[in-house]
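Asks: Okay, sequence plus prediction incoming.
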Amino acid sequence: MKTIFTILITVLLTTTALAQSPQKMSYQAVIRDVNDALVTNTQVGMQISILQGSASGTVVYTETHTPITNANGLISIEIGGGAGFNAIDWANDNYFIKTETDLSGGINYTITGTSQLLSVPYALHAKTAESITGSPGGFTHYIGELYGGGIVVAVWKENGIEKGLIASLTNIGIAPWSSVTATVIGATAQSLSDGQANTTAIVNQGDTNGAAFLCDNYSAGGFNDWYLPALWELNQCYNAAFVVNTILGTTNGFVGAFYWSSTEHSTGTAWYKSLLFGTADSTNKSYGNRVRAIRRF
């Protein structure tokens, strides 16, 4: 049977106390039909099972969901709300997640996929390690992780606190930089690293259909704090392009084309970047370039 959906798994830890194991993990999947077209704004039926030992191992936990796909075909659910999830001994064996899907929203599950949960044992023991050493030492998140409504393109630490950039799972359009092209905004829209500040300044100038406006009004994964990346933030997307495209594919990944940054250059121009060659230059604000939204965590 042909698999007609793409499995995208992330682990999101939610703890109630340091001594307790995380209670839930987040699961995301992009749903496609037999023609590889996205199944958008549709309720689907899903059964999630945790298998122990192998892809055909013993079922140790099962729950069902009826999520609704968004405009990008993405569903996001939390796994672990049922009885028995907290009893799983993640350190005892290898575990796999089995997903069964009914595109009509019922329980006639005809689409099946199974993937090994590689990061769950590490994640579930992270708090234990922290309680012993005072700090887990490494990073919880990684480039290419499906997290926070998108895909992680950069991670770093500020004063020991983990930070990162998340890019939207698809391009969100082709648009001019702004609908206002003949007036310079100035310093508030010319940051090389703070795309959120740039985006706010562009929208406040009166942009109604440009790249910044699209990002400012974008919503995915339950988050609405997306913005148009500044030039240096867009460079992080370029650096992660190989990993992103390997995971999302060439359709939803970064295409080899020009993308707008939110960094203004002059009265009539703004900076863009080629995600094919990595070069950057400025061009007329009225030109149509591709748009990718990002957010921070």
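Replies: Yes, it's here. Source: prediction; values computed, not measured.

Asks: I'd like to know how far the residue nearest to the spatial centre of the chain sits from A37.
Replies: Central residue of the chain (CA atoms, centre = their mean): G150, 1.2 Å from the mean position. From G150 across to A37, the span is 21 Å (CB to CB, to the nearest Å). The C-beta positions use only the backbone N, C-alpha and C, and glycine is treated the same way.

Asks: tell me the domain ranges of this structure?
Replies: 5-138, 150-296 (automatic domain parsing).

Asks: can you list the weak-confidence ranges in the stretch 101-250 of the chain?
Replies: By pLDDT under 70, the weakly predicted segments of the stretch 101-250 of the chain are 117-137.

Asks: what about F242, which helix or strand?
Replies: helix 241-252 (DSSP states H and E).

Asks: Tell me where the stretch 151-297 of the chain has helices.
Replies: 195-204, 211-216, 231-239, 241-252 (DSSP state H, counting those that start in this stretch).

Asks: Quickly compare those helices and say which is most buried.
Replies: Mean neighbour count (mean count of other CB atoms under 10 Å) peaks for helix 211-216 among the helices of the stretch 151-297 of the chain, with a mean of 26.

Asks: on contacts alone, who are the packing partners of that one?
Replies: strand 173-175, helix 195-204, strand 258-264, strand 289-291 (3 or more CB pairs under 8 Å, 6 or more residues apart in numbering; DSSP states H and E).

Asks: would you turn those into TSV with distance to N159?
Replies: TSV is the format used below for those (distance: least, CB to CB, whole Å):
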stretch	distance to N159
strand 173-175	36
helix 195-204	20
strand 258-264	26
strand 289-291	32
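
Asks: So for Q47, which of these sits nearest?
Replies: Nearest to Q47, of all the helices and strands packed on helix 211-216, is strand 173-175, at 35.1 Å by CB to CB.

Asks: one step back: how about the residue nearest to the centre of the chain: what's its closest non-neighbour residue?
Replies: The shortest distance from G150 to any residue other than its chain neighbours is 4.2 Å, reached at I166 (CB to CB, 6 or more residues apart in numbering).

Asks: do T64 as well
Replies: Using CB to CB, 6+ apart and skipping the chain neighbours, the partner closest in space to T64 is Q47 (5.0 Å).

Asks: which strands and helices sit next to the helix or strand containing that neighbour?
Replies: According to DSSP H and E, Q47 maps onto strand 45-52. Packing partners of strand 45-52 (3+ CB pairs under 8 Å, 6+ apart): strand 58-65, strand 74-79, strand 95-102.

Asks: how big is the angle separating the second one from strand 58-65?
Replies: Right, strand 74-79. Calculated by axes from the mean of the first three to the mean of the last three CA atoms, to 10 degrees, strand 74-79 forms an angle of 120 degrees with strand 58-65.

Asks: tell me the angle strand 74-79 makes with strand 45-52.
Replies: Relative orientation of strand 74-79 versus strand 45-52 (the same axes, to 10 degrees): 50 degrees.

Asks: which of the residues in strand 74-79 are buried?
Replies: 74-77, 79 (16 or more other CB atoms under 10 Å).

Asks: out of the residues you listed, who's nearest T251?
Replies: L74 (13.8 Å).

Asks: What strand or helix carries the spatially closest residue to that closest one that is not a sequence neighbour?
Replies: Nearest residue to L74, sequence neighbours excluded (CB to CB, 6+ apart): V30, at 5.5 Å. Element membership for V30 (DSSP H and E) is strand 25-31.

Asks: Direction included, what does that strand pair up with?
Replies: Sheet pairing here is set by DSSP bridges, and for strand 25-31 it gives strand 5-9 (antiparallel), strand 74-79 (antiparallel).
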